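1. generate coordinates for the sequence data below:
(chains A and B)
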Amino acid sequence: DGGITQSPKYLFRKEGQNVTLSCEQNLNHDAMYWYRQDPGQGLRLIYYSQIVNDFQKGDIAEGYSVSREKKESFPLTVTSAQKNPTAFYLCASSIVFSSSYNEQFFGPGTRLTVL
Amino acid sequence: DAKTTQPTSMDCAEGRAANLPCNHSTISGNEYVYWYRQIHSQGPQYIIHGLKNNETNEMASLIITEDRKSSTLILPHATLRDTAVYYCIVRAYGRSNDYKLSFGAGTTVTVRA
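-> Sure, this is the predicted structure:
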């Protein structure tokens, strides 16, 4: 089945530690995205990638880093510089970056808790 | 992107149609209406989108008024699994920031047995 997988579903880390969240898609989509969602709030864009080996900062990139070495993979690292990292992290992908039919498909999310 | 207004919450009886309204009175001519939903603790799920014609797919129907200032998402036979937060958004085609999804508070739909 085609889709987006994120792992792990729940993640606990101590304050000051870096942590990497996995995102893999087998939909052959060019574009991938990372969003953050806090309780009762909407989505905020962290980083996005239009194509392999390219990525751009979103609205709240500080304290995060990404890589896009393969089309199907877009891992997100939450660094110790992120002041409030506890949140629900969502990865998404779309066929092309900019299109009128740019519906984004989301993974199941990773809930990160920093203790 | 145009702002949207949705009711905070609504209840629906299982098996009945659920009609979810959305106002987008400042929508521009090149902006599409999209609907997503998010079941608790899961990623958002794309439902349907449209420009000015009514649209239907296996999940729902989208009715857009002639002046495009409002729309209604119709879930024809709601089930308990349709309980979720439903987001109505408008997005332009061709703008530099049209890749970003921005969800508001949405409508919390509770389907009751």
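2. so the most centrally placed residue in chain A, which state does it fall into?
-> Nearest to the mean C-alpha position of chain A, by CA atoms, centre = their mean, lies residue A:34 at 2.7 Å. Secondary structure assignment for residue A:34 (DSSP: H, G, I helix; E, B strand; the rest coil): strand.
3. residues contacting it?
-> If a contact means CB atoms under 8 Å, 6 or more residues apart in numbering or on different chains, then residue A:34 has A:23, A:45-48, A:58, A:64, A:66, A:74, A:76, A:89-92 as its contacts. Quick note: C-beta positions are derived from backbone N, CA and C, even for glycine.
4. 6 Å - rerun?
-> A:46-47, A:76, A:91 (CB atoms under 6 Å, 6 or more residues apart in numbering or on different chains).
5. reformat the residues you listed as CSV; add neighbour count.
-> Compiled in CSV, the contacts of residue A:34 are given as follows (neighbours: other CB atoms under 10 Å in any protein chain shown):
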residue, neighbour count
A:46, 26
A:47, 22
A:76, 22
A:91, 28
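6. so which of the residues you listed sit within strands?
-> In this view, those that belong to strands under DSSP state E are A:46-47, A:76, A:91.
7. contacts with chain B among those residues, please.
-> Residues of the ones in strands among the contacts of residue A:34 in contact with chain B (CB under 6 Å from any CB of the partner chain): none.
8. where in the chain is pLDDT low?
-> Reading this off chain A. A:1-2, A:97-102 (pLDDT under 70).
9. I was thinking of chain B, sorry if that wasn't clear
-> B:1-2, B:93-100.
10. please, where are all the strands along it?
-> B:9-13, B:18-23, B:31-38, B:45-50, B:55-56, B:61-64, B:70-75, B:84-92, B:107-112.
11. any idea what the residue nearest to residue B:50 when sequence neighbours are not counted is bridged to?
-> Leaving out its chain neighbours, the residue that sits closest to residue B:50 by CB to CB, 6 or more residues apart in numbering or on different chains is residue B:62, at 4.8 Å. Note on residue B:62: beta-bridge partners residue B:55, residue B:73, judged by DSSP bridges.
12. surely residue B:62 meets residue B:51?
-> No - using CB atoms under 6 Å, residue B:62 makes no contact with residue B:51, being 10.2 Å away.
13. what are the bridge partners for residue A:105, then?
-> Residues in beta-bridge contact with residue A:105 (DSSP bridges): residue A:93.
14. what is the burial count for residue 105?
-> Unless you meant another one, I'm taking chain A. 19 (other CB atoms under 10 Å in any protein chain shown).
15. chain B was what I was after
-> So residue B:105, with other CB under 10 Å, has 15 neighbours.
16. what's the closest non-adjacent residue to it?
-> Nearest one to residue B:105, counting by CB to CB, 6+ apart, is residue B:8 at 6.9 Å.
17. what about the one you found, distance to residue B:85?
-> Going from residue B:8 to residue B:85 by CB to CB, to the nearest Å gives 10 Å.
18. these two - which one has more neighbours?
-> In this view residue B:8 and residue B:85 are compared by other CB under 10 Å, and residue B:85 has more residues nearby, 20 against 8.
19. mind listing the residues bridging to the more buried one?
-> residue B:38, residue B:108.
20. looks like it contacts residue B:36 (just checking).
-> No - Residue B:85 lies out of contact with residue B:36 (CB under 6 Å); the separation is 9.1 Å.
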